[in-house]
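Novice: build me a structure from this.
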Amino acid sequence: MKELFVKRFEYYKMLGDKAFSQLSEEEVFWQFNEESNSIAVIVKHVAGNMLSRWTDFLTEDGEKPWRNRDEEFVNTFKTKSEALEYWEKGWKCLFEALDQINDENLYSTVYIRNEAHLVIDAVFRQLAHYPYHVGQMVYIAKMLKNDDWKTLSIARNKSGEFNEEMKNRFSASGSGDKFFSCLLPE
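Specialist: Residues are numbered from 1 along each chain as shown. Take a look at the predicted model:
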């Protein structure tokens, strides 16, 4: 099960990384208006959440006393590289925590703001939260880059070709069944 979680989180990190890499220093800090967030602010919030939720997640509440969530929505980064460094720190914390999940603790109880969650539910909660914000990052980046945007998924008007490629890849290798094999007990 852990492998599935890691695979999904890696995919969303990759989307964020690829969107981030297309942006200039100035674009990372652009915001539509006073009520909207720049990509730098979204990064600060996502990584701040990750550090809080996943540090000692099996033994401590996921809302750490040292976290200041409100401050995450105030940009304090000076450079794109500073924001990217914090982004990486958050993801590193998440992946190290996911590595601690096993069959024995998957249905153990952990807490977020004193609310009990099964470990699997806490993971699902964040699998909904992080892609939401990565989607915001991608949307902002796509608006900023416009004609210079390099697509991160299936190119426009190329769905048929992509579907055929996937069909051929998984039919020929028989690897389509590998996804489900990791769900079965050994």
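
Novice: show me where the chain dips below the pLDDT cut-off.
Specialist: 172-186 (pLDDT under 70).

Novice: ok, and for the longest helix seen in the chain, which residues are buried?
Specialist: In the chain, taking DSSP state H as the definition, the longest helix is helix 119-145. Applying a neighbour-count criterion of 16 or more other C-beta atoms under 10 Å, one finds 119-120, 122-123, 126, 130-131, 133-134, 136-138, 140-141, 144 buried in helix 119-145. The way it works is simple: take the backbone N, C-alpha and C, and place the C-beta from them, glycine included.

Novice: repeat for stretch 58-69
Specialist: Asp61, Gly62, Arg67.

Novice: OK, contacts around Lys13?
Specialist: Trp91, Val134 (C-beta atoms under 8 Å, 6 or more residues apart in numbering).

Novice: is it in a helix, a strand, or coil?
Specialist: helix (DSSP: H, G, I helix; E, B strand; the rest coil).

Novice: please shift the residue numbers so they start at 18 in all later answers.
Specialist: Understood, numbering begins at 18; the last thing we discussed is Lys30.

Novice: sorry, back to before: what is the nearest of the buried residues of helix 136-162 to Leu40?
Specialist: Ala158 (5.7 Å; C-beta to C-beta).

Novice: can you count the residues close to the nearest residue to the closest one once chain neighbours are set aside?
Specialist: In space, and not counting its chain neighbours, Ala158 is closest to Ala36: 4.1 Å by C-beta to C-beta, 6 or more residues apart in numbering. Using other C-beta atoms under 10 Å, the number of residues around Ala36 comes to 24.

Novice: starting at the chain centroid, how far to stretch 66-77?
Specialist: Computed by C-alpha atoms, centre = their mean, to the nearest Å, the chain-centroid distance of stretch 66-77 equals 15 Å.

Novice: endpoints of that stretch, how far apart?
Specialist: Taking C-alpha to C-alpha, to the nearest Å, stretch 66-77 runs 14 Å from one end to the other.

Novice: in that stretch, what counts as buried?
Specialist: Buried, per 16+ other C-beta under 10 Å, within stretch 66-77: Asn66, Met67, Leu68, Ser69, Arg70, Trp71, Thr72, Phe74.

Novice: per-domain residue ranges of the protein.
Specialist: Domain segmentation of the chain under automatic domain parsing yields 19-167, 171-203.
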